[in-house]
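Engineer: 3D model of this:
(chains A and B, ligands or ions: 2)
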Amino acid sequence: MAADIKQLEIYATRIRIGSLEAIKARGFGHVGGSLSVADTLAVLYGAVMRIDPKNPRLSQRDKMVCSKGHAGPAVYATLALKGFFPYEDIKTLNQPGTSFPSHCDRLKTPGVDMTTGSLGQGTSLAAGMALGDKLKGRDSRMYLIVGDGELNEGQPWEAFMFMSAQKLDNLTVFIDWNKKQLDGYITDISDPHDFKKKFEAFGFHTQQVNGNSVKEIYEAVMAADKVRGMPRAIVLDTIKGAGVKEVEDTFSNHSMAAAPEVFDGWIEGLKEKLAALEGEVVHA
Amino acid sequence: MPKIVYDGSNDPRAFKDVIGGTIISLLDSDPDVIYVDADLMSTIGTYKYHQAHPDRAINVGVSEANMMGVAGGLAAAGFKPIAHTFGPFASRRSYDQAFLSAGYAQNDITVIGTDPGVCAAFNGGTHMPFEDVALYRAIPTATIFDITDTVMLEDILRQAVNLPGVKYIRVGRKTAAKVYGIGSRFEVGQAVKLREGKDITIVAAGIMVHEALQAAETLTKEGIEADVLDMFTIKPLDEAALLKSARKTGAVLAAENHNKIGGLYAAVCEALSRELPTPASFVAVNDEYGEVGPQNYLQERFGLTADNIVTRARELVKNKK
Ligand SMILES: Cc1ncc(C[n+]2csc(CCOP(=O)(O)OP(=O)(O)O)c2C)c(N)n1
Ligand SMILES: [Mg+2]
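Structural biologist: Ligands and ions are numbered 1, 2, ... in the order given. Below is the predicted model of the structure:
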């Protein structure tokens, strides 16, 4: 399957808009980490994963675990645009009784494959799911997204050793290397040094790409999916807040509160970008 | 002695400012105090201090089990560590380390778990500990505080760093009702009598103290006079105060922002059943997981309200006779 890169850029831009519209409705939320991962979600749900929005629980489907569960808004926008539920629903983010909580919840949101939010735990869950699919003889692939700050935890590294020991070649882990965690820069708090070398040393087939380029991500996933006998890692070199200059330039951009007009300004900029991308499609 | 200034109005200070401010003041005044956090400094306003004093205010990153162990090690090296993260990560996520590396090995540490129970609000079910008290109660000789207002927080945190054993402080980050006057001093393990009554004992802690006082006000109008105890030290429980009140009223209601299992209600029932069997009930989470939403919605959702205290108190009083 050759992907239409332009369409993926459009999808990624719509995911950014959706994330911000959901967060705007509540007035605050995890802006930075939702924006940085939009391109990866666009590639996975736009060109890679074999899923059916009408049958979100089909056992023989590809699965995605967003272990950095606070990127819920981006996941919800992705799934809404894919047709899992009405787009307007995501604007109930964190309202009483909502199906769209801050952190991904498999019991609440159709299409969410695993409950996450306590950082680190999604990694072992994804490992178990991938192993289980193998043992059941299913042709299902697992895509796991982790944060760079999340990798301060010990559990992910236990899970990575396990994935490698079990030769889980139906699993690909994406590291959203956006250089920041909650308090600040990862290098100031707990310097991870070289993620690529670390994953190589853990026995992963490892690539590093521009994680805010759908083209580079897509090509890396295609290459990774051919690898046999070992789990795959893709280090995503990203910007926290990617796609909205003002967010990128804000130091504390993990969880942000802003007035509706501020959100509108950010969304407007993205809509202009969207119009330009769609114009390119028409004229192509 | 605690000075009671409750009039239903809000505490002028937010907990998060007083948590951060008190930690910093302790660091500045006692060279043996050391503070560790797991990437949640900015939630209590200590990140700037950390940048200026990285040797005394240490950010271990998102690694709570590691943080608890490091705190234990720092205690062994002669420090008085304060470790902070959100409640679920200060309890569930790092429990074995709190139990063994700190408790069992007698490395004395002070743990602050912020946003207990429904205070986790918009962070939702994964971040909403209704079991942290149960876990810490099961650590031998641990001391557990459920904080009422910022005056109490400041005094308790200052005392806690110098107490032996594992100390667990659960406290929100937003504002709560103001209950105590500036300068109030609290005795660890001694409940504060907030209201005198003869018909029922309401034992409350944390955010439920305000609800209990409101409920007592309503009950008065119905001719039910409630004895209200602020049981801010959940362990060791002030059994003397509890029993004295229960002997007088003959009915006890425990109100807590926690599962009914293993927390304040359980502690109260354990003491009563052993020393003075007395009809008792709870206003607490009825063995459920948390969910996302505004705190006031969640209080309604889980029944942690003054109204619910009134209803339960009425029932208890009615069934007495
Ligand atoms: C176990 C655990 N500890 C702490 C938190 C609070 N928390 C939420 S996000 C976050 C920082 C995560 O940083 P990173 O993984 O880099 O996320 P991103 O930059 O992609 O948003 C923290 C500390 C949590 N959710 N889980
Ligand atoms: Mg990050």
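
Engineer: whichever residue of the stretch 51-200 of chain A sits closest to ligand 1 pairs with what?
Structural biologist: Residue nearest to ligand 1 within the stretch 51-200 of chain A: residue A:147 (2.0 Å; CB to the nearest ligand atom). Just so you know, the C-beta spots here come from the backbone N, C-alpha and C atoms, and that holds for glycine as well. Beta bridges link residue A:147 to residue A:176, judged by DSSP bridges.

Engineer: ok, it touching residue A:68?
Structural biologist: Yes. Using CB atoms under 8 Å, residue A:147 is in contact with residue A:68, at 3.7 Å.

Engineer: what touches both of those two?
Structural biologist: A:33, A:119, A:176 (CB atoms under 8 Å, 6 or more residues apart in numbering or on different chains).

Engineer: mind putting the residues you listed into TSV with distance to residue B:20 and neighbour count?
Structural biologist: Shown next, in TSV, are those (distance: CB to CB, whole Å; neighbours: other CB atoms under 10 Å in any protein chain shown):
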residue	distance to residue B:20	neighbour count
A:33	24	32
A:119	22	31
A:176	29	26
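
Engineer: so which of these reach ligand 1?
Structural biologist: Restricting the shared contacts of residue A:147 and residue A:68 to those near ligand 1 by CB under 6 Å from any ligand atom leaves A:33, A:119, A:176.

Engineer: so what's the last one up against?
Structural biologist: In this case it means residue A:176. Contacts of residue A:176 by CB under 8 Å, 6+ apart are A:33, A:36, A:37, A:40, A:68, A:145, A:146, A:147, A:148, A:211, A:236, A:238.

Engineer: what's the spacing between the last one and ligand 1?
Structural biologist: Read it as residue A:238. Taking CB to the nearest ligand atom, to the nearest Å as the measure, residue A:238 falls 8 Å from ligand 1.

Engineer: residue numbers of chain A in contact with ligand 2?
Structural biologist: A:147, A:148, A:149, A:178, A:180 (CB under 5 Å from the ion).

Engineer: one more pass at 6 Å, please.
Structural biologist: A:147, A:148, A:149, A:178, A:180, A:181, A:240 (CB under 6 Å from the ion).

Engineer: A strand includes residue A:145, no?
Structural biologist: Yes. Assessed by DSSP: H, G, I helix; E, B strand; the rest coil, residue A:145 belongs to a strand.

Engineer: how far away is it from ligand 2?
Structural biologist: Separation of residue A:145 from ligand 2 (CB to the ion, to the nearest Å): 11 Å.

Engineer: ok, residue B:75 next?
Structural biologist: 31 Å.

Engineer: so what's the closest residue to that residue other than its chain neighbours up against?
Structural biologist: Excluding its sequence neighbours, the residue lying closest to residue B:75 (CB to CB, 6 or more residues apart in numbering or on different chains) is residue B:107, at 3.8 Å. By CB under 8 Å, 6+ apart, residue B:107 lies in contact with B:71, B:72, B:73, B:75, B:76, B:101.

Engineer: where does residue B:107 sit: helix, strand or coil?
Structural biologist: Residue B:107 is classified as coil under three-state DSSP.

Engineer: again, but for the one 4 residues further on
Structural biologist: The assignment at residue B:111 comes out as strand when based on three-state DSSP.

Engineer: surely residue A:270 meets residue A:13?
Structural biologist: Yes. If you go by CB under 8 Å, residue A:270 and residue A:13 touch, sitting 5.7 Å apart.

Engineer: so residue A:23 sits right up against residue A:32, yeah?
Structural biologist: No. Contact criterion CB under 8 Å: residue A:23 and residue A:32 do not qualify, at 10.8 Å.

Engineer: the more surrounded of the two?
Structural biologist: residue A:23 (29 against 26; other CB atoms under 10 Å in any protein chain shown).

Engineer: give the contact list for residue A:71.
Structural biologist: Contacts of residue A:71 (CB under 8 Å, 6+ apart): A:30, A:33, A:34, A:37, A:104, A:145.

Engineer: about what we covered before: ok, of the ones next to ligand 1 among the shared contacts of residue A:147 and residue A:68, which one's closest to chain B?
Structural biologist: residue A:119 (5.4 Å; CB to the nearest CB).

Engineer: burial count for the residue of the stretch 51-200 of chain A closest to ligand 1?
Structural biologist: 31.

Engineer: likewise residue B:200?
Structural biologist: Using other CB under 10 Å, residue B:200 has 29 other residues around it.

Engineer: between residue A:23 and residue A:32, what contacts are shared?
Structural biologist: residue A:256.

Engineer: picking that back up, the ones next to ligand 1 among the shared contacts of residue A:147 and residue A:68 into TSV, with extra columns for pLDDT?
Structural biologist: Formatted as TSV, these follow (pLDDT from 0 to 100):
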residue	pLDDT
A:33	98
A:119	98
A:176	99
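
Engineer: pick the one among those residues closest to residue A:259.
Structural biologist: Residue A:259 has its nearest neighbour among those in residue A:33, at 21.1 Å by CB to CB.

Engineer: can you map out the helices along chain B?
Structural biologist: B:15-29, B:47-52, B:64-76, B:87-90, B:95-96, B:132-137, B:150-160, B:208-221, B:239-249, B:264-275, B:295-301, B:306-320 (DSSP state H).

Engineer: narrow the contacts of residue B:107 to just the buried residues.
Structural biologist: B:71, B:72, B:73, B:75, B:101 (16 or more other CB atoms under 10 Å in any protein chain shown).

Engineer: could these be laid out in a markdown table, adding pLDDT and distance to residue B:61?
Structural biologist: Formatted as a markdown table, the buried ones among the contacts of residue B:107 follow (pLDDT from 0 to 100; distance: CB to CB, whole Å):
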| residue | pLDDT | distance to residue B:61 |
| --- | --- | --- |
| B:71 | 98 | 14 |
| B:72 | 98 | 17 |
| B:73 | 98 | 16 |
| B:75 | 98 | 20 |
| B:101 | 98 | 18 |
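
Engineer: where does the residue of chain B found nearest ligand 1 land on pLDDT?
Structural biologist: In chain B, the residue that lies nearest ligand 1 is residue B:39 (3.8 Å; CB to the nearest ligand atom). As predicted, residue B:39 sits at a pLDDT of 98.

Engineer: measure how buried it is and give me the count.
Structural biologist: Residue B:39: 28 neighbours (other CB under 10 Å).

Engineer: likewise for residue A:162?
Structural biologist: Residues near residue A:162, counting by other CB under 10 Å: 16.

Engineer: and residue B:278, by the same measure?
Structural biologist: Per other CB under 10 Å, the neighbour tally for residue B:278 reads 22.

Engineer: how about the contacts made by it?
Structural biologist: Counted by CB under 8 Å, 6+ apart, residue B:278 has contacts B:246, B:250, B:251, B:252, B:272.

Engineer: for the buried ones among those residues, write the corresponding PyMOL selection.
Structural biologist: With 16+ other CB under 10 Å as the criterion, this PyMOL line picks the buried residues out of the contacts of residue B:278:
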select buried, chain B and resi 246+250+251+252+272
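
Engineer: low-confidence stretches in the stretch 201-321 of chain B?
Structural biologist: Low-confidence segments of the stretch 201-321 of chain B (pLDDT under 70): B:321.

Engineer: near chain A, which residues of it show up?
Structural biologist: By the rule CB under 8 Å from any CB of the partner chain, the part of the stretch 201-321 of chain B lying against chain A is B:291, B:292, B:293, B:294, B:297, B:301.

Engineer: quick check on the third one: phi, psi?
Structural biologist: Reported as degrees, to the nearest 10, the phi and psi values for residue B:293 are phi 150, psi 170.

Engineer: got a list of what it touches?
Structural biologist: A:94, A:95, A:96, A:97, A:98, B:121, B:122, B:301.

Engineer: got it, and the second one?
Structural biologist: With contact set as CB under 8 Å, 6+ apart, residue B:292 has these partners: A:94, A:98, A:101, A:102, B:121, B:122, B:123, B:124, B:125.

Engineer: can we see that at 6 Å?
Structural biologist: Residues near residue B:292 by CB atoms under 6 Å, 6 or more residues apart in numbering or on different chains: A:94, A:101, B:124.
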